[in-house]
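Undergrad: prediction below, plus the sequence it came from.
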Amino acid sequence: MRPGHRARKSRGRLSPFTTLTLAVLAIAMSAAAGGFAYFMPAALVTLNSTSQVVQVPSPSPTDILFSPSPSPTLVAQQGAFTVLLLGSDDDSKFTSDHVLTQSMILMRVQPATKEVTMLSIPRDLYVHLSTGGSGKIDGAYSLGSAGAAIATVEQDFGVHVDDYIWVGLLGLIKVIDAIGGIDIVTSSPVMDDYYPADVYGGDPYGYQRVAVLAGPQHLDGIHAMQYVRSRHSDLQSDYGRSKRQQQVLQAIRLKAKQLAPSDIPALATAIGGELKTSIGLDKVARLVPLAASFDNPDAIRQVLLLPPYARSGAPGGSLTPNWGLILPLVHQYFP
Amino acid sequence: VIPRFLLAAGLAILMAIGGMTSYVYLGSRQSKAVAAPLKPIAVLPRAQAFTLPGTIYLAQSGALYSFSAGRFHQLTSEAGWTQPSLSPDGNSLLAVQRYPTYSDVYIMTRYGSVTGHLTSTQAPPRSTWDIGANAWSFYPRLSPDQRTLWISYDGPKAAGNGYFDVDMAVWAVPFGGSIGQGRPWTSANSYTGGDVQPVPLTSGGIIYTKYSYDSEANRVGQLWYTNRAGSAGKALTTTSADCAQPALSPDGGSIAMICTYQKQVSYLTIASWNGSSLGGLQTVISDQLVAEPIWAPDGSGIAYLAPGGPAAPFQLWFLPKNAYAPPPPSPIPTPSPTPGGPHNAPLPSPTPSPAHVAPVVKPIQVTTNLGFDATSPLAWLG
């Protein structure tokens, strides 16, 4: 064979070492691409839901009634942070982002001591709103989204809120279904003849009958929602509902500990646009293992603003806050 | 050496396979925690499966099932069926069929064929938006003489805008009669959910669960006993113990129940019963979320529902009797003199026997991967 022909032929072929290297690279890249494709829907949903920009309006001087928020630097030094959990009816009665927050829970997490404090704020509490004027605290979100809700809580309760998480009605149902349901001990039958038929009932102003029987049980999303949302059958009305909401939050946390990373895409797809948070992806990544390490239920403190902290009798069926009692309590747990 | 075009084709195939394998592998690594429960009849009995005596009746996803000799049989379609209970003669089943706005009690054969409609609680709307005239009937039981149907029933109710109280009371209805012929035996506390889970006694009285508010405004359950209609009866357990779901033992001398102590726990608890009062509460299981305990008809133990794992759906479990009533230790033999005359030698010392240590008896998980309705009491035919 002529030397020139041999040279052309050898340029069309590769050595075994190069071939093996290419094969290994191809497998690694394709495996990574498969993983990327698997997690991409979750990543997109997460990107859309997290790192929400919050514009907290500066309250007017007349609205500032109480002590200013503690220094964020101090908070950062301790590693503790405060999150405002917001839950809304977001059915067709309301336009997007102009919803009431039926549930408002201020949560303080102290990683060093693995303690969590959850303070349920009655939705009917009559307060100064950050957007001006006074009204029920559940209206703050409808007037100015998360920023207004955060600013209202900060100015009235004298706390600093680091982040917020907002979830809609369908979001809670979908989250609980996506994690396979939760185990709850319902403390008594929850019976309601005037429960809103606004989620799957077709009529946002209609009613349905609800009977969540008492005792330990495994609840799917729709029944868990009925359990936390019903208030007509409870002498404690919104207070009783707040207790149930905290039970369900803890049950979700317990169930979430059983999940694997491979469950995330299905979970993210289920949640869709029903969850928004200001927490960034980097912080989410840090919080997941942190949440899993909180395994002592006694380290989760639940605080409800029952009478005498708030009393009925304010305008429009709202509750009058007793700030003289509330603020020392809040500052004890949310320094 | 491999030609370049062959290498390119090979690498393309390799990458396609690698990508798909990675995707499928990740999908297969989803946790079992999110998996939906299987249907009981889809579960093949295991060769060495633990079997319970007799037949247990339970509910899952709106269908009734019987479970005997390690095998499930579906008795009804998935149509809102729940809370089966056996007639005292063991020939029939009572069960509740639940609809969106009301529930009714039916009687059926042990094989699921409906033979009678015992309550009729459906009502027309009071107005275009008010459906509150409908009623729930739950927890059906027949009296030992089979002449009275006991139920928890929330009707008839006061009507009107802003009237939101919905509480169940325990009613006694002549078996085969209409609910209009029945009468309430208990008077429910307002805004508590009411009185539920009646257990009729041979004496004519009932044990039931009453919900109330304690001194700190927490809603709690207590076992109560009453022996006549309209009587307040008496509380058998404290509000702090927060007990519910009573079940009478076959000999009538003990009651099994769950107690939560106002926390997100549910302990299996038993107590002696003398016909009018309870003995001290004995916690038998404290590390599971126990629901709907029921005694084995032959007294061999207690079956109940509890999650198959952390935060998982409820499975059938069985606790052998030795776990809560261990047999007394065998007496240590004492030496006796040899009969037939004076005994001059020292008495033989007994062989030292090891200290008696009762073996730890643990609950047995009977089913896996199912998801029983934990608000549906079990029924057990011996």
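TA: Received the coordinates, thanks.
Undergrad: quick one, what contacts the closest residue to chain B within the stretch 101-250 of chain A?
TA: Relative to chain B, the nearest point of the stretch 101-250 of chain A is residue A:189 (3.0 Å; C-beta to the nearest C-beta). Quick note: C-beta positions are derived from backbone N, CA and C, even for glycine. By C-beta atoms under 8 Å, 6 or more residues apart in numbering or on different chains, residue A:189 lies in contact with A:211-214, B:168, B:192-194, B:196, B:211.
Undergrad: state whether residue A:165 is indeed within a strand.
TA: Yes. Judged by DSSP: H, G, I helix; E, B strand; the rest coil, residue A:165 forms part of a strand.
Undergrad: I'd say it and residue A:82 touch.
TA: No. Counting by C-beta atoms under 8 Å, residue A:165 does not reach residue A:82; the two are 11.7 Å apart.
Undergrad: neighbour-wise, which of the two wins?
TA: The neighbour comparison of residue A:165 against residue A:82 (other C-beta atoms under 10 Å in any protein chain shown) goes to residue A:82, with 23 against 20.
Undergrad: which residues does that one bridge with?
TA: Judged by DSSP bridges, the bridge partners of residue A:82 are residue A:108.
Undergrad: how near is it to chain B?
TA: 24 Å (C-beta to the nearest C-beta, to the nearest Å).
Undergrad: quickly note the distance from that residue to residue A:105.
TA: For residue A:82, the distance to residue A:105 equals 11 Å [C-beta to C-beta, to the nearest Å].
Undergrad: ditto for residue B:251
TA: 49 Å.
Undergrad: which one's more surrounded, the two?
TA: residue A:105 (21 against 9).
Undergrad: any idea which element the more buried one lies in?
TA: Residue A:105 belongs to strand A:101-110 when assigned by DSSP states H and E.
Undergrad: same thing with residue A:243?
TA: helix A:237-256.
Undergrad: now the helix or strand just after that helix and helix A:237-256, what's the angle there?
TA: Using DSSP H and E, the helix or strand that follows helix A:237-256 in sequence is helix A:264-271. Helix A:264-271 and helix A:237-256 are oriented at 160 degrees to each other (axes from the mean of the first three to the mean of the last three C-alpha atoms, to 10 degrees).
Undergrad: just the buried positions in helix A:264-271, please.
TA: A:264-268, A:270-271 (16 or more other C-beta atoms under 10 Å in any protein chain shown).
Undergrad: among those, which are within reach of chain B?
TA: Restricting the buried residues of helix A:264-271 to those near chain B by C-beta under 8 Å from any C-beta of the partner chain leaves residue A:266.
Undergrad: with respect to chain B, which of the buried residues of helix A:264-271 is nearest?
TA: Among the buried residues of helix A:264-271, and counting by C-beta to the nearest C-beta, the member closest to chain B is residue A:266, at 7.1 Å.
Undergrad: ok, the closest one touching residue B:34?
TA: Yes. The pair residue A:266 / residue B:34 is scored as a contact, 7.1 Å apart, by C-beta under 8 Å.
Undergrad: overlap in contacts, these two.
TA: With C-beta under 8 Å, 6+ apart as the test, residue A:266 and residue B:34 both reach residue A:178.
Undergrad: which ones are touching the closest residue to the residue of the stretch 101-250 of chain A closest to chain B other than its chain neighbours?
TA: Of all residues not flanking residue A:189 in the chain, residue B:193 sits nearest, at 3.0 Å (C-beta to C-beta, 6 or more residues apart in numbering or on different chains). Counting by C-beta under 8 Å, 6+ apart, residue B:193 touches A:188-191, A:214, A:233, B:166-168, B:211, B:219.
Undergrad: need the pLDDT of residue B:193.
TA: pLDDT recorded at residue B:193 is 94.
Undergrad: separation between it and residue A:250?
TA: Relative to residue A:250, and taking C-beta to C-beta, residue B:193 is found at 22 Å.
Undergrad: how about residue B:329?
TA: 43 Å.
Undergrad: and those two? Which one has more around it.
TA: Between residue B:329 and residue A:250, residue A:250 has the larger neighbour count (other C-beta under 10 Å), namely 18 against 10.
Undergrad: could you list the buried residues of stretch A:228-239?
TA: Per 16+ other C-beta under 10 Å, stretch A:228-239 contains these buried residues: A:228-234, A:236-239.
Undergrad: these two touch, right, residue B:84 and residue B:58?
TA: Yes. Using C-beta under 8 Å, residue B:84 makes contact with residue B:58 at a distance of 7.2 Å.
Undergrad: what do these two both touch?
TA: B:64, B:376, B:378-379.
Undergrad: need the max-distance pair from the residues you listed.
TA: Spatially, the most separated pair among the shared contacts of residue B:84 and residue B:58 is B:64 and B:378, at 11.2 Å (C-beta to C-beta).
Undergrad: more neighbours, the two?
TA: Using other C-beta under 10 Å as the criterion, residue B:64 and residue B:378 rank with residue B:64 on top: 28 against 22.
Undergrad: for that one, which three-state class applies?
TA: strand.
Undergrad: contacting residues around it?
TA: Applying C-beta under 8 Å, 6+ apart, the residues contacting residue B:64 are B:57-58, B:74-76, B:81-82, B:84, B:93, B:95, B:112.
Undergrad: who's it bridged to?
TA: residue B:59.
Undergrad: what about it, distance to chain A?
TA: 17 Å.
Undergrad: ranges for the helices of the stretch 151-300 of chain A?
TA: Along the stretch 151-300 of chain A, the segments classed as helices by DSSP state H, counting those that start in this stretch run A:169-178, A:221-229, A:237-256, A:264-271, A:281-293.
Undergrad: for residue B:142, find the nearest of those.
TA: That would be helix A:221-229 among these, by C-beta to C-beta, at 29.0 Å.
Undergrad: pLDDT (mean, whole number) over that closest one?
TA: 93.
Undergrad: which other helices and strands contact that helix?
TA: Counting contacts by 3 or more C-beta pairs under 8 Å, 6 or more residues apart in numbering or on different chains; DSSP states H and E, the secondary-structure elements packed against helix A:221-229 are helix A:169-178, strand A:182-186, strand A:190-196, strand A:207-212, helix A:237-256.
Undergrad: elements contacting the last one?
TA: Which is helix A:237-256. strand A:101-110, strand A:115-121, strand A:182-186, helix A:221-229, helix A:281-293, strand A:300-304.
Undergrad: tell me the angle that helix makes with strand A:207-212.
TA: Using the same axes, to 10 degrees: helix A:237-256 against strand A:207-212 is 60 degrees.
Undergrad: wait, residue B:148 sits on residue B:172?
TA: Yes. Here residue B:148 reaches residue B:172: they are 5.1 Å apart, a contact under C-beta under 8 Å.
Undergrad: more neighbours: the two, which one.
TA: residue B:172 (22 against 19).
Undergrad: so in that sheet, which strands flank the strand or helix carrying that one, and in what orientation?
TA: For residue B:172, the element it lies in under DSSP H and E is strand B:169-174. Next to strand B:169-174 in the sheet, as set by DSSP bridges, lie strand B:148-153 (antiparallel), strand B:183-184 (antiparallel).
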